[in-house]
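**Student:** Can you look at this prediction? I've put the sequence above it.
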Amino acid sequence: MSQLMAHDLTYYVPEDAIPTLRTCDDVAIALRSAALSPDSTACTAVIARAQAAGFADADLTDICIVQAARRLGENWCDDVLGFVDVSIATARLQGLLRTLGRSLRADAAGHGNAATLLVVSAAQAQHTLGPSLVVAQLRRRGYSVGLLLDAGPGAVRTYLRRAPADAVFVSCDHTEKLVNLRPIVTEARKTQPGVRIVVGGPGISECSAVCRITGADHATSDLEEALILCGLTKTASQATTAEMMM
């Protein structure tokens, strides 16, 4: 692991050299640098500074972390960063979502009777930051949400038998992996007949036959639209549109 973490130190800007965090872009730039740092606590330090500067957790989650992740993705596509660097950095950003979302529960938000949702990413998915972001957004709206990452055979069945859901959102990170989602959709339908199933994420953007290939009811990468299609918006605590980065 020490070899994997041997990044070029020029990627990281020391904390005392980071400009004052005035905008979300400032925070995103600082998070990108921190995520690439050999210091595993650098990201949480940036979040603490941003919170002290008055940034809301919702903006840190929905804007700053997302922008930092996109910068990392662009660096990968431009061959500025390697796969290992980007994977480790993205995992750190994903960890921030869990940290910021620890207090987000339907009961705590005053929606103890809120609809229950399950967000799933298939086994061997390369990108799981998006599903984690969707979970954070849904919990902030007041929904009770379960998350299955790298879901293998039987995982969805086991979960739904224990905690039936009002809807299942399935993530697809690449178009060629759409066919791999059909077993997940089939498993959900057999376990809980009638449950609404939506497929979303980057992998659906270039395909017009997502529902036919996967067996899902709907295909959209817009979180608000997904909720409307499942008839769930009335139970949410907020009504803002958010992109589903699944």
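**Tutor:** Happy to help now that I have it. Residues are numbered from 1 along each chain as shown.
**Student:** State the three-state secondary structure for residue 117.
**Tutor:** Following DSSP: H, G, I helix; E, B strand; the rest coil, residue 117 is assigned to strand.
**Student:** Share the number of residues neighbouring the closest residue in space to it that isn't next to it in sequence, please.
**Tutor:** Nearest residue to residue 117, sequence neighbours excluded (Cβ to Cβ, 6 or more residues apart in numbering): residue 145, at 4.9 Å. Heads up, the C-betas are built off the backbone N, CA and C, glycines and all. When neighbours are counted by other Cβ atoms under 10 Å, residue 145 registers 24.
**Student:** mind listing the strands for this structure?
**Tutor:** All strands of the chain, identified by DSSP state E, fall at 116-122, 144-151, 167-171, 196-200, 218-219.
**Student:** Need those strands in a markdown table (columns: distance to residue 231).
**Tutor:** Converted to a markdown table, the strands of the chain look like this (distance: least, Cβ to Cβ, whole Å):
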| stretch | distance to residue 231 |
| --- | --- |
| strand 116-122 | 12 |
| strand 144-151 | 16 |
| strand 167-171 | 9 |
| strand 196-200 | 8 |
| strand 218-219 | 11 |
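**Student:** between the ones you listed, which one is nearest to residue 53?
**Tutor:** Closest approach to residue 53 among the strands of the chain (Cβ to Cβ): strand 144-151, 28.8 Å.
**Student:** so what does the closest one touch, helix or strand wise?
**Tutor:** strand 116-122, helix 129-141, helix 155-162 (3 or more Cβ pairs under 8 Å, 6 or more residues apart in numbering; DSSP states H and E).
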